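> quick one, fold the following:
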Amino acid sequence: MNELAKKADEKISYKNLVEQLAESQINVNRAMAGLVGKVKDVAVKVDNVEERIANVEKVLDKRVYLDAVEKKELTKHVKDKIKTYLTPGTDEYKKASRYLYNAIWGELKNRYNVMSYDFLPSKYFDEIIEYVDKWQITPSLQERINKILQQA
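Numbers count the residues shown, from 1 in each chain. Okay, the predicted model is just below:
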C-alpha cells in the first residue's frame with residue numbers, strides 16, 4: 001500500500017507540476033503580450049523622434065551658412081575664375097573685372113535663392129565651388145566686356 005500511496009503522490013505532484021508550468025506559461029504569454037504592446041509604443045515614439053530630427057536637419061541645412069574659412073575659399077575660387085578671363089593688374093582687369101564678379105556672385109545668389117553670398121548654405125559648399133569652377137562667361141557678357149574695353 002505504501003507503494004500505491006507513493007504513486008498517487010507522484011501523480012499528484014506531477015499533475016501539480018504540469019498545472020504550475022501551464023500557469024507559468026500563461027503568465028509569460030501575458031507578460032510578452034504586454035511587452036509587445038510597449039515595444040510598439042516605443043517604436044512609434046522612435047519614429048516620431050526620427051521625423052522631428054529630420055525636420056530639424058532640414059531647417060538647419062537652410063540656416064547654416066558658409067563660415068569664414070568657406071567664404072574665403074569661395075572668394076579665392078571666384079578670383080581664380082576671373083583670372084582665366086582677365087589678367088590682374090591690367091587696365092582691362094580694372095575696367096571689366098567687376099562685371100565678371102557681379103555675374104558670378106549674381107548667379108550664385110539666384111541659384112541658391114539668397115540675398116547675399118553670406119547666406120549661401122554651408123551644406124552645398126562643395127557644389128558651390130564646383131559651380132564656380134565650371135562657370136563660363138555668357139556670350140552677351142563677353143560682348144558687353146568687349147565693348148567696354150574698346151571704349152578705352
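
> ok, then the element right after the helix or strand encompassing residue 28?
Assigned by DSSP states H and E, residue 28 falls within helix 2-63. Per DSSP H and E, helix 2-63 leads on to helix 68-83 as the next helix or strand towards the C-terminus.

> roughly how far out does that next one sit from the chain middle?
Centre-to-centre, helix 68-83 and its host chain are 24 Å apart (C-alpha atoms, centre = their mean, to the nearest Å).

> kindly report the same for stretch 86-99.
Between the mean C-alpha point of stretch 86-99 and the mean C-alpha point of its chain there is a distance of 40 Å (C-alpha atoms, centre = their mean).

> quick one: mean pLDDT for that stretch?
The average pLDDT for stretch 86-99 rounds to 93.

> what comes up buried for that stretch?
Of the residues in stretch 86-99, those buried by neighbour count under the rule 16 or more other C-beta atoms under 10 Å are 86, 92, 93, 96, 97, 99. Where you see a C-beta, it was placed from the backbone N, CA and C, and this is true even at glycine.

> what about those residues, which are in helices?
Cross-referencing the buried residues of stretch 86-99 against helices under DSSP state H gives 92, 93, 96, 97, 99.
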